[in-house]
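> with the input below, show me the fold.
(one chain, ligands or ions: 1)
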Amino acid sequence: MFKDKETFKHAFTKQLVDKLGVTLEEATESDVYKILSGMIREQIGRDWAETNTTYKEQKEKQVYYFSMEFLIGRLLGNNLLNLGVLNLVKEGLAELGYPFEEVEEQESDAGLGNGGLGRLAACFLDSLASLQYAGHGTGIRYKYGLFEQKILDGNQVELPDYWLQKGNEWEVRRPDKQVEVRFWGNVVTREVQGRLIFETVQYEAVRAVPYDVPIIGFGHSPINTLRLWSAESMMDPFRQPYGQEGSYYRYLDYSRSVESISEFLYPDDSHYEGKLLRLKQQYFLCSAGVQSVLRTFGKLNLPLTELPKKVAIQINDTHPTLVIPELMRLLIDDNGFGWDEAWDITNQVVGYTNHTILSEALEKWPQQMVKELLPRIYMIIEEIDRRFRIQLSERYPDQPERVSRMAVAENNQIRMAHLAIHGGHSINGVAALHTEILKKREMKDFYELYPERFNNKTNGITHRRWLLYANPGLAALVNDCIGTRWIKHPQELNSLIKCCEDSRFQDEVAKVKSRNKERLAQYILDKQGIVVNPDSLFDIQVKRLHAYKRQLLNVFHILHLYNQLKENPQMDIVPRTFVFGAKAAPSYYLAKRIIKLINTVAARINGDKAVNEVLKVIFLENYSVSLAEKIIPAADVSEQISTASKEASGTGNMKFMMNGALTVGTMDGANVEMHEMLGGDNMFIFGLNAEQVQNFYQCGGYSAWDMYNSDSRIHEVMDQLITPGLICSQANEFQDIYQSILDHNDEYFVLKDFSGYVEAHLKVDLAYRNKPDWQKKAILNIAHSGKFSSDCTIREYASEIWRLNPVRRNGK
Ligand code: 26W
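Numbers count the residues shown, from 1 in each chain. Sure thing, here's the model as predicted:
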């Protein structure tokens with residue numbers, strides 16, 4: 001992109017003057033950011049266009065990743081990195097007097113996702129481009145991303161995240177590519193020459209306008225596209241003049257309601273709610289997305305029967321399942337296909353990824369709502385259901401309950417997971433254990449019916465953002481040790497194994513970790529005015545707040561440590577800094593109370609001179625992608641402590657591992673696969689396993705009260721939730737949490753796993769004292785993390801689900 005640093009500095013300074021009319025001395029960080037991102041855009045424009053031409057000319061098969069969420073974070077640094085000029089730019093800017101760290105702070109995070117599912121989509125885009133696959137994202141351009149979290153008096157308060165306020169340097173609005181999406185109305189059925197024709201009348205039309213974001217992969221990759229759709233009003237949505245009385249106000253109402261479709265991201269990733277606006281969002285994404293896919297396909301001048309050879313659509317959880325009936329609609333109504341042929345095409349094109357087994361998160365839309373909002377789509381779903389029931393009845397003639405259990409439409413609800421499994425050719429879980437649970441339990445009926453459709457694709461993370469970019473110090477050390485091939489072939493991080501006992505290398509790794517911890521300590525000081533000791537052990541849990549992720553278990557352990565220290569101030573423990581970061585869904589009462597509890601405990605401990613030399617608790621406000629990039633490289637210990645069977649995979653676990661943190665975790669999600677590679681010596685496993693948890697659910701035999709009565713440590717901690725004194729300023733302050741555990745019999749086995757968790761932390765304490773051995777474990781973690789690069793995951797998706805080969809461009 002730039003030959004060298006001097007060329008860059010020269011070009012950059014010139015652009016400041018030419019484009020903004022400011023000199024180097026006058027330029028603000030914001031000016032610098034604008035010019036830099038503009039230079040990248042200029043640089044990639046031609047490649048972007050060329051990529052699309054190549055895809056078209058070579059008639060490459062393309063995959064479209066449909067997702068309601070893309071949790072991208074910032075793009076400046078990542079784009080520079082992938083273009084191979086990050087270091088050069090950093091140095092050049094520093095010489096011109098602008099620290100890069102300050103410049104990149106000018107960019108708002110694109111926080112268009114809640115957590116794991118949205119971040120996975122973003123990692124996948126990076127890998128698709130970097131591995132030269134023709135793969136694009138299809139999503140919604142929410143005006144407001146995930147809320148900004150403020151902590152006031154220990155409580156979470158939500159503020160709107162107007163991330164577009166300063167504009168978005170990375171998007172290109174493409175009004176010429178707009179499509180129309182239709183809601184409401186009535187379906188009129190006519191017979192024309194022996195064929196039934198379905199026409200929807202009196203519908204409300206919405207304009208879907210795409211904003212394209214270039215996805216720049218690493219090295220000389222193609223430039224793929226993330227297409228985000230924005231809802232805008234039509235000038236004449238009702239196909240009638242506005243002359244009549246009151247109709248102008250009707251237009252204003254219409255316009256407001258249309259714009260609300262892409263107004264904000266639903267901030268809940270744990271509880272499904274049957275909200276009309278959410279259904280509108282989903283159909284908006286699916287209809288606009290599929291129309292656009294078909295339009296691009298149309299340019300190939302091939303018959304639509306060839307669609308499965310040229311297009312794969314992957315749906316990220318069930319949120320975009322309406323892709324299935326929408327594609328059916330377009331094939332049948334607009335292209336004259338018969339049902340069976342359309343079904344066959346749809347089936348071959350669509351694949352579905354499941355990300356959760358939590359039953360409260362499964363989407364089931366009220367039939368009446370679908371029928372009114374999407375009358376034609378509803379008809380198609382009814383027909384899918386009718387035919388599916390016949391198929392099931394033939395296969396299971398004496399099992400009517402089974403037919404009802406598996407049906408798509410039942411109990412006045414439409415079950416999106418059933419529609420997705422039946423309508424697509426592939427369903428995958430996101431870690432080995434998770435896929436097994438789907439097959440054996442959650443989706444057992446479907447596994448029996450369609451065993452060949454089920455497969456596992458263990459999640460991954462992009463090592464470019466999460467190691468190379470977020471932890472340049474460590475990346476440089478790795479380069480020194482094993483060369484740079486791992487950047488293209490992350491599995492080669494394995495070669496680090498040979499250095500794990502090398503004491504010089506260990507020291508270097510330790511030094512990098514210390515520097516990262518100092519940086520985080522400085523951030524904490526700047527944000528919260530709290531001094532933390534960078535030599536203490538940084539024990540970190542950052543992720544969405546949810547009962548099953550068990551932040552509570554972590555807090556109970558901290559309280560227990562505190563109690564021990566109060567009793568015995570001389571107790572010999574390694575000084576620890578516990579760090580939390582977590583957003584709670586705004587309507588998730590218990591989760592918000594847990595945030596309050598963490599902050600209450602933190603205030604108490606941090607203010608207690610008797611202990612605060614050895615114990616600190618920090619709750620970092622507004623956990624986000626860019627904050628994760630600061631936190632994760634500074635971790636010594638990674639907390640992955642979900643109730644076994646509940647965390648589908650986890651991806652934070654992989655990010656920490658890749659940055660040399662040791663995991664304290666349960667045998668859940670991808671922890672199981674980490675454990676398989678690392679063995680028991682290099683991580684700290686504790687607690688019930690998935691089978692034991694399942695047994696308790698099925699057969700009973702667990703009593704939270706018994707735990708409380710039989711373990712004095714638990715007793716003491718639980719009582720502190722409701723008795724004025726150490727934690728509570730008034731009686732019953734955390735009665736709600738107390739009750740959630742004791743009266744609801746500890747649904748997530750916090751008390752049951754407490755003892756094992758305490759023991760695991762004693763082992764951590766012991767292990768940390770042996771510095772060389774700890775460093776060895778850290779290095780082994782890094783060495784084995786290559787398997788969790790999303791590059792590996794994407795290769796598996798490409799070869800096993802999408803049947804996609806990398807693209808060769810002009811011999812590159
Ligand atoms: C309808 C509300 C809603 C919204 C989002 C329900 C559920 C979701 C997601 C499926 C929740 C989610 O993000 N799941 C996470 O997906 C990650 C990527 O596969 C996994 O690593 C996490 O374990 C899983 O919790």
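> gap between stretch 413-430 and the chain center?
The chain centre lies 20 Å from the centre of stretch 413-430; the measure is Cα atoms, centre = their mean, to the nearest Å.
> tell me the mean pLDDT over it?
Mean pLDDT, computed over stretch 413-430, is 98.
> and stretch 284-292, by the same measure?
Computed over stretch 284-292, the average pLDDT equals 99.
> neighbours of residue 613, how many?
For residue 613, the neighbour count with other Cβ atoms under 10 Å is 10. Glycine gets a C-beta too; all of them are placed from N, C-alpha and C.
> residue 407 contacts residue 388, doesn't it?
Yes: here residue 407 reaches residue 388: they are 6.7 Å apart, a contact under Cβ atoms under 8 Å.
> list the beta-bridge partners for the residue nearest to residue 184 when sequence neighbours are not counted.
Nearest non-adjacent residue to residue 184, counting by Cβ to Cβ, 6 or more residues apart in numbering: residue 204, 5.0 Å away. Listed beta-bridge partners, residue 204: residue 183 (assigned using DSSP bridges).
> what's around residue 204, how many residues?
Residues lying near residue 204 (other Cβ under 10 Å) number 17.
> wait, it sits on residue 182?
Yes: using Cβ under 8 Å as the test, residue 204 is close enough to residue 182 to be in contact (7.0 Å).
> tell me who's in contact with residue 367.
378, 409, 412, 413, 414 (Cβ atoms under 8 Å, 6 or more residues apart in numbering).
> before we move on, back to that, distance of the residue nearest to residue 184 from the ligand?
With distances taken as Cβ to the nearest ligand atom, to the nearest Å, residue 204 is found 25 Å from the ligand.
> and that residue, how far from residue 185?
Counting by Cβ to Cβ, to the nearest Å, the gap between residue 204 and residue 185 amounts to 7 Å.
> got any residues that touch both of these two?
By Cβ under 8 Å, 6+ apart, residue 204 and residue 185 have no common neighbours.
> gap between the two ends of stretch 294-304?
Length of stretch 294-304, first residue to last, Cα to Cα, to the nearest Å: 9 Å.
> again, but for stretch 420-435
Note: stretch 420-435 ends 16 Å apart using Cα to Cα.
> could I get the CA-only coordinates of stretch 576-591 as PDB?
Extracted as PDB, the C-alpha positions of stretch 576-591 are listed here (Å, rounded to 0.1, in the frame of the first residue of the first chain):
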ATOM      1  CA  ARG A 576      -5.200 -10.900  43.100                       C
ATOM      2  CA  THR A 577      -7.100  -8.500  41.000                       C
ATOM      3  CA  PHE A 578     -10.500  -9.700  39.900                       C
ATOM      4  CA  VAL A 579     -11.800  -8.000  36.800                       C
ATOM      5  CA  PHE A 580     -15.400  -8.200  35.600                       C
ATOM      6  CA  GLY A 581     -16.900  -6.800  32.500                       C
ATOM      7  CA  ALA A 582     -20.500  -7.700  31.500                       C
ATOM      8  CA  LYS A 583     -23.600  -6.200  30.100                       C
ATOM      9  CA  ALA A 584     -27.000  -7.400  31.300                       C
ATOM     10  CA  ALA A 585     -30.100  -7.400  29.000                       C
ATOM     11  CA  PRO A 586     -32.100  -4.400  30.200                       C
ATOM     12  CA  SER A 587     -35.000  -6.500  31.100                       C
ATOM     13  CA  TYR A 588     -33.100  -9.200  32.900                       C
ATOM     14  CA  TYR A 589     -33.700  -8.300  36.500                       C
ATOM     15  CA  LEU A 590     -31.500 -10.900  38.200                       C
ATOM     16  CA  ALA A 591     -28.600 -10.200  35.900                       C
END
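> what residues of it count as buried?
Neighbour counts over stretch 576-591 (16 or more other Cβ atoms under 10 Å) mark 576-585, 588, 590-591 as buried.
> so the residue located most distally from the centre of the chain versus the ligand, what's the distance?
For the chain, the C-alpha farthest from the mean C-alpha position belongs to residue 193; by Cα atoms, centre = their mean, that distance is 49.7 Å. Going from residue 193 to the ligand by Cβ to the nearest ligand atom gives 44 Å.
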